[in-house]
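Peer 1: Take a look and give me a structure for this.
(chains A and B)
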There are 2 protein chains.
Amino acid sequence: MSEPSGARADPDTPARTAGSVLVVGSGLLGASAGLALRARGVDVALADPSPTAVALARDVGAGRVAGADERPAVVLVAAPPDVTADVVAAQLLAHPSAVVTDVASVKGAVLQGVHRALGRAGAGPEVASRFVGGHPMAGRERSGATSARADLFTGRPWVLVPPPGASAAGEASLQRVLALVADCRGVPVVMAAEQHDEAVAVVSHVPQVAASLVAARLLGAADEAVALSGQGLRDVTRIAASDPGLWVQILGANARPVARALHALRADLDDVLGALDALAEDGEAVGARARVARAIDTGGAGVARVPGKHGASPTAYEVVTVLVPDQPGRLARLLADVSDIGVNLEDLVLEHARGRPVGLAEVSVQPADRPRLEAELPRRGWRVAG
Amino acid sequence: MSEPSGARADPDTPARTAGSVLVVGSGLLGASAGLALRARGVDVALADPSPTAVALARDVGAGRVAGADERPAVVLVAAPPDVTADVVAAQLLAHPSAVVTDVASVKGAVLQGVHRALGRAGAGPEVASRFVGGHPMAGRERSGATSARADLFTGRPWVLVPPPGASAAGEASLQRVLALVADCRGVPVVMAAEQHDEAVAVVSHVPQVAASLVAARLLGAADEAVALSGQGLRDVTRIAASDPGLWVQILGANARPVARALHALRADLDDVLGALDALAEDGEAVGARARVARAIDTGGAGVARVPGKHGASPTAYEVVTVLVPDQPGRLARLLADVSDIGVNLEDLVLEHARGRPVGLAEVSVQPADRPRLEAELPRRGWRVAG
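Peer 2: This is a model prediction of the structure:
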């Protein structure tokens, strides 16, 4: 432990992107891509309708301000969803040798919009074959270039929608965008636009609507009721705090798949509601409890399919909970002890208990390491719970 | 840092509970209460229909096995919700000088059940005045005495429902249970049974149903779709993994308030669905986007009312994200550096990035400490993101 060397954690490797990248839209996603590409030594030019946004992105190190006659190899359009199609089409026409990709959360509507705009401009299929739809599954609660980070896409799925048909030109376009995703440390997932839109309806858009609907119930609740909130409610409603303007764009552009999934959800809800209405009338209503159980069971089977953090397979770590006095240095001491015992820490969550000078450290370790840790920590003076 | 002293974190203080406590039901909640009370020096006797469960609870230190002629001052019934009322009534009759309380997640149904059972036994109102309904807002994903912990209730709301009427006997009963809650380090919240049931319908039961319904959508989804899951979905669906048997009891016993809240949720859902159906037909449908925006806005206003961890006011910590090589001792080194810099760590979450030998440590600190930490950590070789 003589050298901290956090700086060696992310060794620079040669960029796979050849030529310069023009980032159009200098918000969170555009600036984060700029930071990641700059870290690999790629030349990044930044553009945005707002001169302030461009200057901010430049100041955080995401690239240089784009000039009047850029010759990018790749254009990354990181504009709001509802203008993405028009910006993509304009970039395809402005840079005849560039491949263009985007980051919008819906893909079918963008693809159709691009084709419509190109048709209006009289552009042929060779222009369309330079567009590769994209959607990095990454984001933060905060927006803007000042929240950007070079590792925003690290290990996250990044969906790519190849140009229609199986042309050599389309394949070459896809390769160039795959290189950009690799340089951003994303994990490319190639799929069709419809497939993507169905997928995000279920894994992203329906959860967003459900979180908002559950959170809306709190608005009319008594203060004493809200004071009983626990971690379950906090988890279910966290994303309800997201930007309404952005979500109206996303849900509006993916209306059909989201509506389909929500209709199915409403059918399940009606089944539960019917059972609860019956039980409210008659506490012994035959069959009602079985219907409620089926809904909870089905949910349990569904959640078992959700992969763990960062899209990795769920890892069966075991948690050892340790009481840690809330004094500087105590947690460091605990982790030094864990390390001395020879156990590798897989994950760590620290929680403070209100009104007590003590926190709970939930230390995740490989199952085989747990007994040793639980035996050794108390010998070193730690109190292990549960 | 010469002595770890985790063991000194929880100094014993004199118990407020006078006399012995009989815990009926030796699962997670009963055994946790036993552990907390034992830590204050209270005499705890344990009972359970299962001799194995009692022995387990005794072995983890939750108390002694109850004898044939216990004379408890307080009986804590920690039985499953659907048998709680009958067990409470039996304990009221078996121990004429004891106050009885319970931990079931619904209060109206238990209260009615107790009064019915007492009526059948010909018991008068003086018996009912010894029952104080209770509901500690605490739990874990795991069940059983082996998952019990003395600090399970620390800082958590613990709802108490005083006996009906304003009798001196009822008041004395409430005082005895308040002492027990204090000894368990819970935060007592006194409210009427109906008020409690309406509250938990909104803050606990509706979120549970919504999480299950969202998770159920994943069952028919393609593998590629599920692979795009992010933190939002994980948060919304986490509690869908809860025990169906327990939830059928809870929802069945609180059917009316839950149904009322779910009907309101369905009305909001129908509004969003109508708007999305309109947009699926006609992308320019007038007014549809405003309806979607209203639902998201309302959810945002609702979630803003949710208090932070452990029922405390949300604390405005700031997060400094640091890249940590995935090697034993590195995190300990980081925390030692944070401590050396003189900054107090308020919270810590560690996340591993897939396919990279590096994790992200999200270090929460007081806002005033953030600039210093961001300036000092890189000087010690750490890479700070964001």
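
Peer 1: how far does stretch A:246-264 stretch from start to finish?
Peer 2: This stretch, stretch A:246-264, spans 24 Å end to end (Cα to Cα, to the nearest Å).

Peer 1: Need the residues that contact it.
Peer 2: A:80-82, A:104-106, A:108-110, A:197-198, A:200-202, A:205-206, A:208-209, B:217, B:269, B:272-273, B:276-277, B:279-280, B:283, B:288-289, B:292-293, B:296 (Cβ atoms under 8 Å, 6 or more residues apart in numbering or on different chains). From N, CA and C alone the C-beta is placed, and that goes for glycine too.

Peer 1: and it, which residues are buried?
Peer 2: A:246-262, A:264 (16 or more other Cβ atoms under 10 Å in any protein chain shown).

Peer 1: Not counting its neighbours along the chain, what's nearest A:P80?
Peer 2: Of all residues not flanking A:P80 in the chain, A:Q249 sits nearest, at 6.4 Å (Cβ to Cβ, 6 or more residues apart in numbering or on different chains).

Peer 1: starting at the chain centroid, how far to the helix or strand that neighbour falls within?
Peer 2: Under DSSP states H and E, the secondary-structure element containing A:Q249 is helix A:244-253. Its chain's C-alpha centre and that of helix A:244-253 lie 16 Å apart, by Cα atoms, centre = their mean, to the nearest Å.

Peer 1: and what of stretch A:126-134?
Peer 2: For stretch A:126-134, the distance to the chain centre is 24 Å (Cα atoms, centre = their mean).

Peer 1: Now do it: everything it contacts.
Peer 2: Here stretch A:126-134 makes contact (Cβ under 8 Å, 6+ apart) with A:76, A:88, A:92-93, A:98-104, A:107, A:110-111, A:114-115, A:118, A:158-165, A:167, A:169-170, A:173-174, A:176-177, A:181, A:193, A:196.

Peer 1: Do you have the helices of the stretch 151-300 of chain A handy? List them.
Peer 2: Along the stretch 151-300 of chain A, counting by DSSP state H, counting those that start in this stretch, helices occupy A:168-183, A:193-200, A:206-216, A:223-226, A:231-237, A:244-253, A:255-281, A:288-303.

Peer 1: among these, which is nearest B:G302?
Peer 2: Proximity to B:G302 (Cβ to Cβ) singles out helix A:206-216 among the helices of the stretch 151-300 of chain A, at 3.6 Å.

Peer 1: May I have stretch A:374-381 as PDB, with CA atoms only?
Peer 2: This file holds the C-alpha atoms of stretch A:374-381, laid out as PDB (Å, rounded to 0.1, in the frame of the first residue of the first chain):
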ATOM      1  CA  GLU A 374     -17.400 -13.400  10.400                       C
ATOM      2  CA  ALA A 375     -15.000 -15.300  12.600                       C
ATOM      3  CA  GLU A 376     -12.000 -12.900  12.200                       C
ATOM      4  CA  LEU A 377     -13.600  -9.500  12.400                       C
ATOM      5  CA  PRO A 378     -14.900  -9.900  16.000                       C
ATOM      6  CA  ARG A 379     -11.400 -11.000  17.100                       C
ATOM      7  CA  ARG A 380     -10.200  -7.600  15.800                       C
ATOM      8  CA  GLY A 381     -12.900  -5.800  17.900                       C
END
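
Peer 1: Inside strands: which ones of the contacts of stretch A:126-134?
Peer 2: Among these, the ones falling in strands (DSSP state E) are A:L76, A:V99, A:V100, A:T101, A:D102, A:W158, A:V159, A:L160, A:V161.

Peer 1: What about the fourth one, how many residues nearby?
Peer 2: Translated: A:T101. A:T101 has 28 neighbours, counted by other Cβ atoms under 10 Å in any protein chain shown.

Peer 1: mind checking how far the most centrally placed residue in chain A is from chain B?
Peer 2: Geometric centre of chain A, nearest residue: A:A138, 3.1 Å, by Cα atoms, centre = their mean. Noted for A:A138: a distance of 8 Å to chain B, by Cβ to the nearest Cβ, to the nearest Å.

Peer 1: before we move on, back to that, run the angle between the helix holding A:Q249 and helix A:206-216 for me.
Peer 2: 130 degrees (axes from the mean of the first three to the mean of the last three Cα atoms, to 10 degrees).

Peer 1: What average pLDDT does helix A:244-253 get?
Peer 2: Averaged over helix A:244-253, pLDDT sits at 93.

Peer 1: for stretch A:37-45, same thing?
Peer 2: 96.

Peer 1: Please work out which of the helices of the stretch 151-300 of chain A is packed deepest.
Peer 2: Per residue and on average, the most neighbours among these fall to helix A:206-216, with a mean of 27 (mean count of other Cβ atoms under 10 Å in any protein chain shown).

Peer 1: Tell me how chain A divides into domains.
Peer 2: In terms of domains, chain A is parsed into A:13-191, A:198-303, A:318-385 (source: automatic domain parsing).

Peer 1: Could you list the low-pLDDT ranges of the stretch 51-200 of chain A?
Peer 2: A:140-142 (pLDDT under 70).

Peer 1: where does it come near chain B, residue by residue?
Peer 2: A:109, A:137-138, A:147-151, A:154-157, A:159, A:185, A:187, A:189, A:191, A:195, A:198-200 (Cβ under 8 Å from any Cβ of the partner chain).

Peer 1: before we move on, which element is A:V384 in?
Peer 2: Going by DSSP H and E, A:V384 is part of strand A:383-385.

Peer 1: so what strands line up beside that strand?
Peer 2: If you go by DSSP bridges, strand A:383-385 pairs up with strand A:318-325 (antiparallel).

Peer 1: any idea of the mean pLDDT in the strand it pairs with?
Peer 2: Averaging pLDDT along strand A:318-325 yields 81.
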